[in-house]
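Undergrad: pasting the structure only:
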């Protein structure tokens, strides 16, 4: 198909209109599912199902009209419509971080029959304009590392890479054979806390904490924190990998209800075997409660150590900021 000549301001294009939560959610869910079916994980499938349910829930729709700019749900965005059919979409999801407002651009999708016409570019530009019209200049998005066309599009629009992170998954196995090494796995000693927190903060940067809401305060040692975890019925598990008196890595299990429940901490000079050993330990110990476990971790020289523990990469996302 021929490409589209866009006007100076993309929102004036007659095919672009604001998303209507009262009528568009089922169609947008269908479009997202069709565009990302081959790469959609469990969270993505639940997300699409939630959109369909929301689209048929009258009480939700009435609330959504009022809450579109104050909730972390895809209630604001734009669609591309041709012949009364939605063939393109972009969502804008608002967040707050340290009292600072920002937008995440998400669900940039174009029906396969309408690609290479500039629709995704026009919708992304309109989303950026929407943000800046509201005095929000902190605009983020993420894109799969194996999608070079989309990466090039976003770079051309002024987005730059700020982080690259992989979601890993492994099956649990109570009979897993552990790596033979002189590194020992122990419970996390309170004296390791300052080092552990430093490593976790570096590997899970505050710059993108607004999205994952990493909260490592639950890992802090001490009676008061133990009492708090008991009160909220949160069972945290922690392990450390040590060689002699030297700490090489830590691993924590925080059952957040989301996929990335394992949090690894490791230093540049640590042995890769330490991380492999801890992840193997988690696969063994968590077998009674879970069939699979997940880890989110920055792309790094530790990838081979994670794979050696039996974890497989699900996807790598590039976080970009305009």
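TA: Great, that's in hand. Worth saying up front: this structure is predicted, and the values here are computed from it rather than measured.
Undergrad: which residue packs closest to residue 145, ignoring adjacent ones?
TA: Leaving aside its chain neighbours, residue 145 sits nearest to residue 316 (4.1 Å; criterion: CB to CB, 6 or more residues apart in numbering). Just so you know, the C-beta spots here come from the backbone N, C-alpha and C atoms, and that holds for glycine as well.
Undergrad: hang on, the one you found packs against residue 161?
TA: No - judged on CB atoms under 8 Å, residue 316 makes no contact with residue 161 at a distance of 11.8 Å.
Undergrad: so where do the strands sit in the stretch 51-200 of the chain?
TA: Taking DSSP state E, counting those that start in this stretch as the criterion, the stretch 51-200 of the chain carries its strands at 76-82, 85-97, 100-110, 139-144, 160-171, 184-187.
Undergrad: Can you name the residues bridging to the residue nearest to residue 145?
TA: Legend: beta-bridge partners of residue 316 under DSSP bridges are residue 166.
Undergrad: Looking at the strands of the stretch 51-200 of the chain, spot the one closest to residue 295.
TA: Closest to residue 295 of these, according to CB to CB: strand 160-171, at 4.5 Å.
Undergrad: Now find how far off-centre that closest one is within its chain.
TA: Centre-to-centre, strand 160-171 and its host chain are 8 Å apart (CA atoms, centre = their mean, to the nearest Å).
Undergrad: From the contact counts, what lies against it?
TA: Applying 3 or more CB pairs under 8 Å, 6 or more residues apart in numbering; DSSP states H and E, we find strand 160-171 packed against helix 272-285, strand 292-298, strand 312-321.
Undergrad: now, of these, which is deepest in the fold?
TA: Counting by mean count of other CB atoms under 10 Å, helix 272-285 has the highest mean neighbour count of those, with a mean of 23.
Undergrad: Residue 277 is nearest to which of the strands of the stretch 51-200 of the chain?
TA: Among the strands of the stretch 51-200 of the chain, strand 184-187 sits nearest to residue 277 (CB to CB), with 5.8 Å.
Undergrad: how far is that closest one from where the chain is centred?
TA: The answer for strand 184-187 is 30 Å, by CA atoms, centre = their mean.
Undergrad: Okay, now the sheet partners of that strand, with direction.
TA: If you go by DSSP bridges, strand 184-187 pairs up with strand 237-243 (antiparallel).
Undergrad: measure the nearest residue to residue 119 once chain neighbours are set aside to residue 15 for me?
TA: Leaving aside its sequence neighbours, residue 119 sits nearest to residue 88 (CB to CB, 6+ apart; 4.3 Å). Taking CB to CB, to the nearest Å as the measure, residue 88 falls 8 Å from residue 15.
Undergrad: In which helix or strand does residue 49 reside?
TA: Using DSSP states H and E, residue 49 maps to helix 42-55.
Undergrad: now that helix: mean pLDDT?
TA: Mean pLDDT, computed over helix 42-55, is 69.
Undergrad: Throw the strands of the stretch 51-200 of the chain into a markdown table and include mean neighbour count, thanks.
TA: Shown next, in a markdown table, are the strands of the stretch 51-200 of the chain (neighbours: other CB atoms under 10 Å):
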| stretch | mean neighbour count |
| --- | --- |
| strand 76-82 | 21 |
| strand 85-97 | 20 |
| strand 100-110 | 21 |
| strand 139-144 | 20 |
| strand 160-171 | 17 |
| strand 184-187 | 14 |
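Undergrad: could you dump those strands to TSV with distance to residue 117 and mean pLDDT?
TA: Formatted as TSV, those follow (distance: least, CB to CB, whole Å; pLDDT from 0 to 100):
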stretch	distance to residue 117	mean pLDDT
strand 76-82	9	93
strand 85-97	9	91
strand 100-110	8	92
strand 139-144	19	95
strand 160-171	26	95
strand 184-187	55	94
